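Novice: Just a sequence and a predicted model for now, questions to come.
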Amino acid sequence: MTSQHHLVIITGANRGFGASLAHSYVLHSEANSISFVLVGRNHSGLEKVLTELQQITSVNVTVKGVVVGNVDLSNIETLDTNLARIQIAANEMRQKAVETKNIITKSVLINNAGSLGDLGKSTKEFTWQEARDYLDFNVVSFIGLNSMFLKDTLAALPKEQYPDHKTVIVNISSLLAVQPFSNWGLYASGKAARDRLLGVVALEEKANNVKTLNYAPGPLDNDMQADVRRTLGDKEQLKIYDGMHKSGSLVKMDDSSRKLVLLLKKDDFTSGGHIDFYDE
């Protein structure tokens, strides 16, 4: 079997679901070698995650990586600078692959960073300034990062020279992208926009061995879900989430991240589609 070397970029990787995704990628992907670019706000947290990944001994996977910390993708004023830092880190990993003759066979970008918005408000209560701030982070920076990743990857590993190389873009999506619920106006709008963008990319880049996936991880047992229970204005939904939390039926992060990695490994998903944790 051909050796598999994956370049994996994960945003929001310093904790929570992003960190879980990185661990699951080491444990459950088909890669023999992984070059990580871990992006997030907390530099020391990213360093800790990378160290943990390199200490995993239960599988025979070589892990290298670089961290890009102190990245706030919600700040449009520093977006160009932060995208350039991510770009430089990815190019560093590509260059090391060339130097060691360990050719990258798959490049993966997992867009995990994002925010909830104000769940205490109904849509009529939002100002356009709030909407702009929210969409700058959750849609505008998302488009910028994906555009940069695509251009760089296809330029560095052109299909003509590397016909077997695959490029994959993952959006951490939500049921809210396809089904509306009260008080989730900004969040649902952002997730729907991200889903649709990757649907367009799937069509545009099909000939370049590019696939995209919108993955809804389910109601995760994490800090974000705790924020939902603390701030959600819809009492009926709040009762459901409180009940799931108390009964222990929220989705464990490692279960959901493992499912995503196995989906990527199997690689039979429809490019541009939306898959939920609860789907068969």
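Specialist: Received it, and whenever you're ready, just let me know what you need. Residues are numbered from 1 along each chain as shown.
Novice: Now tell me what touches the helix or strand encompassing Leu260 from outside.
Specialist: Following DSSP states H and E, one finds Leu260 within helix 253-266. Residues outside helix 253-266 that contact it (C-beta atoms under 8 Å, 6 or more residues apart in numbering) are 16-17, 20-21, 23-25, 27-30, 108, 168, 170, 213, 215, 217-218, 220-222, 269, 275, 277. C-beta: built from backbone N, CA, C; applies to glycine.
Novice: And for stretch 62-78?
Specialist: Identification of contacts with stretch 62-78 by C-beta under 8 Å, 6+ apart yields 11, 14, 26, 32-47, 50, 53-54, 56, 79, 82, 85-86, 89, 92-93, 96, 113, 115, 133, 136-137, 140-141, 145.
Novice: Which positions in it come out as buried?
Specialist: For stretch 62-78, the neighbour count (16 or more other C-beta atoms under 10 Å) marks Val63, Lys64, Gly65, Val66, Val67, Val68, Gly69, Val71, Leu73, Ser74 as buried.
Novice: on that earlier part again, just the buried residues of the contacts of stretch 62-78.
Specialist: Of those, these count as buried by 16+ other C-beta under 10 Å: 11, 14, 26, 32-42, 45-46, 50, 53, 79, 82, 85-86, 89, 93, 113, 115, 133, 136-137, 140-141, 145.
Novice: ok, now how distant is Asn32 from Phe17?
Specialist: Separation of Asn32 from Phe17 (C-beta to C-beta, to the nearest Å) stands at 25 Å.
Novice: returning to what we had before: can you tell me which of the buried ones among the contacts of stretch 62-78 are in helices?
Specialist: Using DSSP state H, the members of those that fall in helices are 26, 45-46, 50, 53, 79, 82, 85-86, 89, 93, 133, 141, 145.
Novice: Got the phi and psi for Val66?
Specialist: phi -140, psi 150 (degrees, to the nearest 10).
Novice: my read: Phe17 touches Pro219, true?
Specialist: No. Using C-beta atoms under 8 Å as the test, Phe17 is too far from Pro219 to be in contact (11.8 Å).
Novice: And stretch 142-157, what's buried?
Specialist: Buried, per 16+ other C-beta under 10 Å, within stretch 142-157: Phe142, Gly144, Leu145, Asn146, Met148, Phe149, Leu150, Asp152, Thr153, Leu154, Ala156, Leu157.
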